[in-house]
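In: model the following, please.
(chains A and B)
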There are 2 protein chains.
Amino acid sequence: MSEPAKGFVSFVSSGPGDPDLLTLRAARRLAEADAILFDDLSAGPILEHARPGADLVGVGKRAGRASPRQDHVSRLLVDYAATGARVVRLKSGDAGIFGRLEEEITALRAAGIGYEIVPGVTAASAAAAAAEIPLTRRLTARRLQFVTGHDVTGALPEELNLAALADPQATTVVYMARRTFAELAARVIAAGLPPDTPALMAEGVSTPEQRLTRAPLADLAAQLRDTPAGPAAPAIVLYGALADGPATEGET
Amino acid sequence: MSEPAKGFVSFVSSGPGDPDLLTLRAARRLAEADAILFDDLSAGPILEHARPGADLVGVGKRAGRASPRQDHVSRLLVDYAATGARVVRLKSGDAGIFGRLEEEITALRAAGIGYEIVPGVTAASAAAAAAEIPLTRRLTARRLQFVTGHDVTGALPEELNLAALADPQATTVVYMARRTFAELAARVIAAGLPPDTPALMAEGVSTPEQRLTRAPLADLAAQLRDTPAGPAAPAIVLYGALADGPATEGET
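Out: Got it, this is the predicted structure:
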């Protein structure tokens, strides 16, 4: 965690969106940064922690679109750090969970630039908290697993570990679930998971747009299948041995 | 999130141990609390965020011991809240992940006392950040799963989903791994996971006692099997398609 003269990059986890869910360390890194490179999802009120005069650089990618720009982001990171700047690379949720850090870390190492990762609150934790339920339960939900709704091509991955994903004794969280959840649900139901398995969708979790929907797995899948595509808040879906919670639908 | 006259309980995630990894909301809840009920793991410097005069009540349980005291903790929570106090129930890591909230939530609901869950940084995120690696990788580690090393009896659960746990395409994180990891490793290796699968043990993550050990799965298991039991910092183990990282052994 030494800071070489040639600059330093902090991969800072922004948490799910509410600036109140930044860690103390993340808030301090933002306040001290000379430059902040941020994705679409992590922008907004979180950037109010930046000091006046810091460079704020949007480098957002859209889910499912091929990203010729990844090279560009890595180069930008290296270029900023090479000026001796304190650079924050802001990532939504926990940077280490589906944050796609590999390419950027590889580029920094190749350039001999030091970095750190500041861990944060992942969307699954925030979604369960918003629904006032735990993610695990001692007797019925002892395994917790996170997957994404699409691979690099933007589609649901062909190869799924259905023995893992159709396990009624686990809580499964699907990140970036909106476009492919109906297909995923059909496959886990075909693999034996009951269609009435409890499920919860959290859209825009911890933001003013937050919306929680509780429904049986098959119903939630049908609802997502019938919703026209379009711009919408990011959605994650939890299913499995979910605890009952007071939240059934609505906003907080 | 309305606060009824009869008091209110915030389940506050303390993060892995370093007070710097509290969220802004968690720090504020601690500073405003009339009473804080904490476990062993989450004590220490984090409690310095409490206001002078707040009741600090240790209700720690030891891993693996049957807990006749759970009823006691639930009653204490209800009793404190019933006085109209703002009560914080501090939980290490993310409260919703292996935080055993069910009994306490059930007791609060039965007593008609409101509560909220403040999400936080789970140990897995902090361990990967300390090792300077992401928990997931786009092509090789697309599923991330968390399990505990023991069930309510303190032993490794009899029924394990080995198709899930021996999957080389996942990153698996075993919480409370110290006593039973050797047995778990033997079972996943018998189920087909290569013995040289990369693994990382993180002890006392984010605390001054932090120690990271990187070794092939079978070697790490042997090392844990040969270590005499005794008081020691909590240990979590990550294995699977782990990224290479600069951290091989030592302290930060």
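In: hey, what's the spatially closest residue to A:Gly99 that is not a sequence neighbour bridged with?
Out: Distances taken as CB to CB, 6 or more residues apart in numbering or on different chains place A:Lys91 nearest to A:Gly99, at 4.4 Å, with adjacent residues excluded. Where you see a C-beta, it was placed from the backbone N, CA and C, and this is true even at glycine. Here A:Lys91 shows beta-bridge partners A:Ser13, assigned using DSSP bridges.
In: thought A:Lys91 was touching A:Val9?
Out: No. Counting by CB atoms under 8 Å, A:Lys91 does not reach A:Val9; the two are 11.6 Å apart.
In: can you pull out the strands in chain A?
Out: For chain A, the strands defined by DSSP state E cover A:8-13, A:35-38, A:55-58, A:86-91, A:114-118, A:143-148, A:170-175, A:198-203, A:211-216, A:235-240, A:249-250.
In: hey, least reliable of those strands by pLDDT?
Out: The weakest mean pLDDT among the strands of chain A belongs to strand A:249-250, with a mean of 36.
In: how many other residues sit next to the closest residue to A:Gly60 other than its chain neighbours?
Out: Excluding its sequence neighbours, the residue lying closest to A:Gly60 (CB to CB, 6+ apart) is A:Asp40, at 3.4 Å. The local packing of A:Asp40 (other CB atoms under 10 Å in any protein chain shown) involves 14 other residues.
In: A:Asp40 reaches A:Gly58, doesn't it?
Out: Yes. Contact criterion CB under 8 Å: A:Asp40 and A:Gly58 qualify, at 7.2 Å.
In: redo the strands of chain A as TSV? Include distance to B:Ala27 and mean neighbour count.
Out: Formatted as TSV, the strands of chain A follow (distance: least, CB to CB, whole Å; neighbours: other CB atoms under 10 Å in any protein chain shown):
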stretch	distance to B:Ala27	mean neighbour count
strand A:8-13	16	27
strand A:35-38	22	24
strand A:55-58	25	14
strand A:86-91	20	27
strand A:114-118	16	23
strand A:143-148	26	25
strand A:170-175	26	26
strand A:198-203	24	24
strand A:211-216	26	18
strand A:235-240	26	26
strand A:249-250	29	10
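In: out of these, the one nearest B:Leu242 is which?
Out: With CB to CB as the criterion, B:Leu242 lies closest to strand A:114-118 of the strands of chain A, at 14.0 Å.
In: tell me which residues of the longest helix belonging to chain A come out buried.
Out: Counting by DSSP state H, the longest helix found in chain A is helix A:70-82. By neighbour count on 16 or more other CB atoms under 10 Å in any protein chain shown, the buried set for helix A:70-82 is A:Gln70, A:Val73, A:Ser74, A:Leu76, A:Leu77, A:Val78, A:Tyr80, A:Ala81.
In: quick one: contacts for the third one?
Out: Applying CB atoms under 8 Å, 6 or more residues apart in numbering or on different chains, one finds that A:Ser74 lies in contact with A:Glu103, A:Glu104, A:Thr106, A:Ala107, A:Leu108.
In: how much space between the first one and chain B?
Out: Which is A:Glu103. When distance is defined by CB to the nearest CB, to the nearest Å, A:Glu103 is 9 Å away from chain B.
In: what's the burial count for that residue?
Out: Neighbours of A:Glu103 (other CB under 10 Å): 15.
In: next one: the last one
Out: When neighbours are counted by other CB under 10 Å, A:Leu108 registers 23.
In: now it. Nearest residue, chain neighbours left out?
Out: A:Leu108 sits nearest to A:Tyr115 (CB to CB, 6+ apart), 5.1 Å away.
In: who does the one you found form a beta bridge with?
Out: A:Val9.
In: so what's it up against?
Out: Counted by CB under 8 Å, 6+ apart, A:Tyr115 has contacts A:Phe8, A:Val9, A:Ser10, A:Phe11, A:Ile105, A:Leu108, B:Glu132.
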